[in-house]
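*Asks:* Pasted the sequence and its predicted model underneath.
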Amino acid sequence: MPAPSIKLNNGVEIPAIGLGTWQSKPEEVVSAVSYALKEAGYRHIDCAWGYSNEKEVGQGIKQSGVPRSEIFITSKLWGTYHSRVEEALDETLANLGTDYLDLYLIHWPVPMNPKGNHPTFPTLPNGLRDVDHSWKLSDTWKQMEAMVKKGKVKTIGISNFSIKKMDEILPTAEIILPSIKCLELHPYNPQHELLSYLHSKGIVPEAYSPLGSTNSPLLKDDVVVRIAQKHSVQPSDVLLGWLVAHDIVALPKSVTPSRIASNMTGTISAVGKLDKEDIVELDGLAASGKQKRFIMPPWPVDLGFDNWTAPMPTAKE
Ligand SMILES: NC(=O)C1=CN([C@@H]2O[C@H](COP(=O)(O)OP(=O)(O)OC[C@H]3O[C@@H](n4cnc5c(N)ncnc54)[C@H](OP(=O)(O)O)[C@@H]3O)[C@@H](O)[C@H]2O)C=CC1
Ligand SMILES: O=C[C@H](O)[C@@H](O)[C@@H](O)[C@H](O)C(=O)O
């Protein structure tokens, strides 16, 4: 059975379960992507220029034999390319072996120096990431919109934007409103306020690190395990089912065939089994003292998230 899909504010449909590819080693991601598409019923792949494995993702897509038109492909604009969106997109399209993306996201609301000392992670002499403070996010967005007009991208969106950062682009995003927002979302980081804001703007949320990322404590959480046992499903099915039941797109990453398969079939079955009581309990897990964010790169800028608990380095410019 294919995953359910969710309609975006521009009419485009996105499959509710997509295969994540961050930290998938190039030599593993070819077969992971091919298996997901050919054997496990996936029709949605989440990738990024910054993952340094897009070429291999493209090989996996080709190897699967599934027609391009049946697959929803997302990629992301890396920080060093905010002022060169078309150049970045062309590299991504060539890597993936396609002439369009279904979704292109701004990966982080942090433009970085395009002429710095490293193509992906430029740094200043003091070791901090080399942020381009003069570049405006609204100008990045204008270039993203131009890619839709050119037909290279069907829809555009944002990733890791707080309400504060979204307010830097929403007033000028008159032609194409952001249709999707990718954010860290699981019962330890449910981001209720941000979700209400997205709903009020008609922006569909997409959950990254839905299982809690590498070595996740969420898979062993007593409440998650109890709910899984109650319905004879896996803890991972409960976590993904909770998201899909909330009409949130989930992007589980795996390079293990059995997990790739169960993240699809188990989730679909869990969505039908979770009852209201389970959902309410999972909704309240963070508030019960378990709030935790797992993905916190050392950006030397204030991203505007109130639950970003990592020590924020001070920029010395
Ligand atoms: N926009 C952004 O900034 C971000 C986007 N993302 C996207 O979201 C995707 C998912 O997030 P990610 O941080 O990778 O983490 P996930 O929450 O998807 O967790 C991945 C980890 O869980 C393991 N795993 C997968 N399925 C199961 C299962 N059924 N049972 C037990 N363990 C399992 C994987 O192992 P194994 O592979 O060995 O099976 C891997 O170690 C990324 O790959 C990326 O595409 C992620 C972070 C940030
Ligand atoms: O999508 C995955 C993540 O955003 C990842 O790309 C970043 O966390 C990156 O490793 C960084 O250090 O900034």
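*Replies:* That came through fine. Ligands and ions are numbered 1, 2, ... in the order given.
*Asks:* okay, CA-based contacts and neighbour counts for the rest of this
*Replies:* Noted.
*Asks:* Make sure Pro298 is indeed in a helix.
*Replies:* No: per DSSP: H, G, I helix; E, B strand; the rest coil, Pro298 lies outside any helix segment and is coil.
*Asks:* who in the protein is up against ligand 1?
*Replies:* 20-22, 46-47, 107, 159, 182, 208-215, 236, 251-256, 259, 263 (Cα under 6 Å from any ligand atom).
*Asks:* Which of these fall in helices?
*Replies:* Ser236, Arg259, Asn263 (DSSP state H).
*Asks:* Dump the residues you listed to JSON lines, plus distance to ligand 2.
*Replies:* Output for these, formatted as JSON lines (distance: Cα to the nearest ligand atom, whole Å):
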{"residue": "Ser236", "distance to ligand 2": "20"}
{"residue": "Arg259", "distance to ligand 2": "20"}
{"residue": "Asn263", "distance to ligand 2": "19"}
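*Asks:* So which of those wins on neighbours?
*Replies:* Asn263 (27 neighbours; other Cα atoms under 10 Å).
*Asks:* Spit out the contact partners of that residue.
*Replies:* With contacts defined as Cα atoms under 8 Å, 6 or more residues apart in numbering, Asn263 is in contact with Ser236, Asp237, Leu240, Pro252.
*Asks:* swap the cut-off to 7 Å and go again
*Replies:* For Asn263, the contact set (Cα atoms under 7 Å, 6 or more residues apart in numbering) comprises Asp237.
*Asks:* Relative to Gly20, how far out is Val110?
*Replies:* Going from Val110 to Gly20 by Cα to Cα, to the nearest Å gives 22 Å.
*Asks:* For the residue nearest to Gln191 when sequence neighbours are not counted, give its distance to Asn160.
*Replies:* Sequence neighbours aside, Leu185 is the residue nearest to Gln191 in space, at 7.0 Å (criterion: Cα to Cα, 6 or more residues apart in numbering). Applying Cα to Cα, the value for Leu185 to Asn160 is 11 Å.
*Asks:* again with Asp283
*Replies:* For Asp283, the distance to Asn160 - Cα to Cα - is 21 Å.
*Asks:* now swap in Arg43 and tell me
*Replies:* Using Cα to Cα, one gets 24 Å for the distance from Arg43 to Asn160.
*Asks:* Tell me which of those two has more neighbours.
*Replies:* Each of Arg43 and Asn160 has its neighbours counted (other Cα under 10 Å); Arg43 has more, 23 against 20.
*Asks:* neighbours around the residue nearest to the more buried one when sequence neighbours are not counted, how many?
*Replies:* For Arg43, ignoring the flanking residues on the chain, the nearest one in space by Cα to Cα, 6+ apart is Ile71 at 4.7 Å. Neighbours of Ile71 under the rule other Cα under 10 Å: 18.
*Asks:* Give the ChimeraX command for selecting the buried subset of the residues of the chain next to ligand 1.
*Replies:* To isolate the buried subset of those in ChimeraX, counting by 16 or more other Cα atoms under 10 Å, use the following:
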select :20,21,22,46,47,107,159,182,208,209,210,211,212,213,236,251,252,253,254,255,259,263
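*Asks:* so where is the stretch 1-150 of the chain shaky, pLDDT-wise?
*Replies:* 1-2 (pLDDT under 70).
*Asks:* can you do 50?
*Replies:* Filtered on pLDDT under 50, the stretch 1-150 of the chain yields no residues whatsoever.
*Asks:* That one: helices as residue ranges?
*Replies:* 26-38, 54-64, 85-96, 137-149 (DSSP state H, counting those that start in this stretch).
*Asks:* Turn the ones you listed into a markdown table, columns for mean neighbour count.
*Replies:* As requested, those are exported to a markdown table (neighbours: other Cα atoms under 10 Å):
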| stretch | mean neighbour count |
| --- | --- |
| helix 26-38 | 22 |
| helix 54-64 | 22 |
| helix 85-96 | 19 |
| helix 137-149 | 19 |
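*Asks:* So which of the ones you listed is nearest Arg226?
*Replies:* Arg226 sits nearest to helix 26-38 of all these, at 28.5 Å, using Cα to Cα.
*Asks:* what's in contact with the closest one?
*Replies:* 42-43, 53, 56-57, 59-61, 63-64, 66, 255, 257, 260.
*Asks:* just those residues now: which is nearest ligand 2?
*Replies:* Asn53 (11.8 Å; Cα to the nearest ligand atom).
*Asks:* which ones are touching that closest one?
*Replies:* Pro26.
*Asks:* and Leu243, that one's in a helix?
*Replies:* Yes: under three-state DSSP, Leu243 falls within a helix.
*Asks:* now it: how far from ligand 1?
*Replies:* 12 Å (Cα to the nearest ligand atom, to the nearest Å).
*Asks:* per-residue pLDDT, that residue?
*Replies:* The model reports Leu243 with a pLDDT of 97.
*Asks:* contacting residues around it?
*Replies:* When contacts are counted by Cα under 7 Å, 6+ apart, Leu243 touches Val249, Ala250.
*Asks:* residue in the stretch 1-150 of the chain nearest to ligand 1?
*Replies:* Using Cα to the nearest ligand atom, Gly20 is the residue of the stretch 1-150 of the chain that sits closest to ligand 1, at 3.2 Å.
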